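> got a sequence here, can you model it:
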Amino acid sequence: MNMENEHSIKETEPLMPAPLGKRILAFAMDFILLVLLIQLLANFFPDFYPASVKHEFNQVLLDASLLPEEVRGDSQQLANFLADSKLSPETYEMLLAMLFWACLIPILYFFFGERFFDGQTLGKATVRIKTLSLDGISPISPYRLLGKAIIKGLCSLSLGTPFFLPGLLNFLLCFLNRERRCLHDLIGGCITINTPAVPKLKISDAS
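As a prediction, the model looks like this:
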């Protein structure tokens, strides 16, 4: 009877959230990796299009880099800039394809990492934290994980742009609850915890 009570207490014991410092470090690692992947995409994607499209793309990038900062941070003025650039339909098609893949890469990264690698992205695995369902037992639904990955992926992407406010609000939400859950954690119905340390095998134990 005592053993049963002890087992039930352990099952209902609330999970302790991972320290914020470890979560920030893990996200920073993941963010840097995603930036590198998207940069590779931007470098190699134009090679699949005609030389004229690649030249036009490089020119619009150069012109955009010379815009004042207040223009680059205004979506309406950026849209006007692209309209005034009079890009060819092929270049517009390439820009839309690049935008699509730039949004998809973070979503796939977070979804597949937490779905198939024990709740861990590369950053989380490095600092020894992982994502679990709130009860710590039942698996997280793939649909909830996908919803979480969409929110986290797009919010992460926004942090590297002038439109960073949605991403910032998503992550600041973790300061407003005990479980340190961001918006994407609430959508996923999950919590991030420390992974237990793997005990070192002693020679005496092996023998």
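> ranges for the strands of this protein?
Ranges of strands within the chain are 129-133, 190-194, based on DSSP state E.
> and of the ones you listed, who's closest to residue 120?
Closest approach to residue 120 among these (CB to CB): strand 129-133, 4.9 Å. Yep, even glycine has a C-beta here, placed from its N, CA and C like the rest.
> could you check the angle that closest one makes with strand 190-194?
If you take axes from the mean of the first three to the mean of the last three CA atoms, to 10 degrees, strand 129-133 sits at 150 degrees to strand 190-194.
> quick check: can you name the pairing partners of strand 129-133 and their directions?
Within its sheet, strand 129-133 is paired with strand 190-194 (antiparallel), according to DSSP bridges.
> list the contacts of the partner strand.
In this structure, residues lying in contact with strand 190-194 by CB atoms under 8 Å, 6 or more residues apart in numbering are 15-19, 22-23, 119, 124, 128-134, 136, 140, 144, 148, 179-181, 185.
> before we move on, what about stretch 54-74?
Taking CB under 8 Å, 6+ apart as the rule, stretch 54-74 contacts 46-47, 49, 77-78, 81-82, 85, 87-88, 91, 94-95, 162-163.
> give the buried residues for that stretch.
By neighbour count on 16 or more other CB atoms under 10 Å, the buried set for stretch 54-74 is 54, 56, 57, 60, 72, 74.
> ok, back up a step: for ChimeraX, what selects the buried ones among the contacts of stretch 54-74?
For the buried members of the contacts of stretch 54-74, the matching ChimeraX selection, counting by 16+ other CB under 10 Å, is:
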select :46,49,81,87,91,94,95
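> before we move on, the earlier item: mind putting the strands of the chain into TSV with distance to residue 68, mean pLDDT and mean neighbour count?
Formatted as TSV, these follow (distance: least, CB to CB, whole Å; pLDDT from 0 to 100; neighbours: other CB atoms under 10 Å):
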stretch	distance to residue 68	mean pLDDT	mean neighbour count
strand 129-133	41	91	21
strand 190-194	40	90	21
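> can I get those strands in a markdown table with distance to residue 101?
Shown next, in a markdown table, are those (distance: least, CB to CB, whole Å):
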| stretch | distance to residue 101 |
| --- | --- |
| strand 129-133 | 25 |
| strand 190-194 | 27 |
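> quick one: closest of these to residue 112.
That would be strand 129-133 among the strands of the chain, by CB to CB, at 12.8 Å.
> stretch 161-168 spans what distance, first to last residue?
Distance between the boundary residues of stretch 161-168 (CA to CA, to the nearest Å) amounts to 11 Å.
> now the longest helix along the chain against strand 129-133, angle please.
When the chain is parsed with DSSP state H, its longest helix is helix 89-116. Interaxial angle of helix 89-116 relative to strand 129-133 (the same axes, to 10 degrees): 80 degrees.
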